[in-house]
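Colleague: Any chance you can model this:
(one chain, ligands or ions: 1)
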Amino acid sequence: MKVVTGVVGNDIHVVANRLIDISLEERGFEVFNLGVNTYLEEFMDAVIETDADVLLISSLNGEAEGWCRDLQILKSQYDFKDVTFMIGGNLGVGEMNPELLVPKFQKYGFDLVFHQVDLNEGLDRLEEFLEAR
Ligand code: B12
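Modeller: Numbers count the residues shown, from 1 in each chain. The predicted structure follows:
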């Protein structure tokens, strides 16, 4: 399965991005890593160009909300019905309540949302989700 990944917006935190790349490859995914500083439109273009199954966005600096709120609009312009949309990292500023954050990002159009959740736990959940689909 193909995964497009990267860090959204003007976020330059690169360490998790490298770990995500390596961990996905270890799990047998084909990875297209766009790296840091990637805009939502660039992610969408890459999903189309690579015919990806999963878009995995990482965000660490607390600005994900601003960069991702147009996802639903962008999704409506293309046929993405077989693509799984996933986001994780620090999705707000500080210790925000996941019970408020998760539904917000689901409303934006993400299938899987992980606020301050360990990477391996998130990837386990991704594999379960893909298997159930
Ligand atoms: C190193 C660092 C920097 C470096 C980055 C260098 C680089 N090129 O990577 C520098 C100094 C440049 C930096 C800058 C800034 N930083 Co900084 N930085 C850190 C720091 C100390 C470590 C980050 C790191 O690499 N951790 C190691 C990796 C492995 O862990 P991780 O990033 O947390 O990722 C794990 C999980 O989040 C998760 N994960 C990540 N993505 C995803 C995705 C999915 C799907 C899943 C399931 C899981 C997942 O998996 C990873 C492994 O478990 C953290 C504090 C901390 N202790 O975490 C702050 C931190 C991330 N930074 C922060 C901030 C605010 C900034 C600045 C805005 C500061 C400023 N005012 O300038 C700028 C932002 C610049 C920008 N444009 O993005 C805040 C974010 C606050 C928030 N969101 O609430 C933090 C948390 C510090 C803090 N406590 O305030 N930073």
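Colleague: Look up how far the ligand lies from the residue lying closest to residue 104 once chain neighbours are set aside.
Modeller: Excluding the flanking residues, the one nearest residue 104 by C-beta to C-beta, 6 or more residues apart in numbering is residue 65, at 7.1 Å. For every residue, glycine as well, the C-beta is placed using N, CA and C. Distance, residue 65 to the ligand, by C-beta to the nearest ligand atom, to the nearest Å: 11 Å.
Colleague: tell me the pLDDT at residue 81?
Modeller: Predicted confidence (pLDDT) for residue 81: 83.
Colleague: go on, residue 90?
Modeller: Residue 90 is given a pLDDT of 96.
Colleague: do you know how far residue 41 is from the ligand?
Modeller: 18 Å.
Colleague: can you tell me how far that residue sits from residue 98?
Modeller: Separation of residue 41 from residue 98 (C-beta to C-beta, to the nearest Å): 27 Å.
Colleague: Mind checking which of those two has more residues around it?
Modeller: Taking neighbours as other C-beta atoms under 10 Å, residue 41 and residue 98 compare with residue 98 leading, 16 against 10.
Colleague: wait, that one sits on residue 105?
Modeller: No - in this structure, residue 98 is not within contact of residue 105 by C-beta atoms under 8 Å, at 10.0 Å.
Colleague: List the buried residues of stretch 105-114.
Modeller: By neighbour count on 16 or more other C-beta atoms under 10 Å, the buried set for stretch 105-114 is 105, 108, 109, 110, 111, 112, 113, 114.
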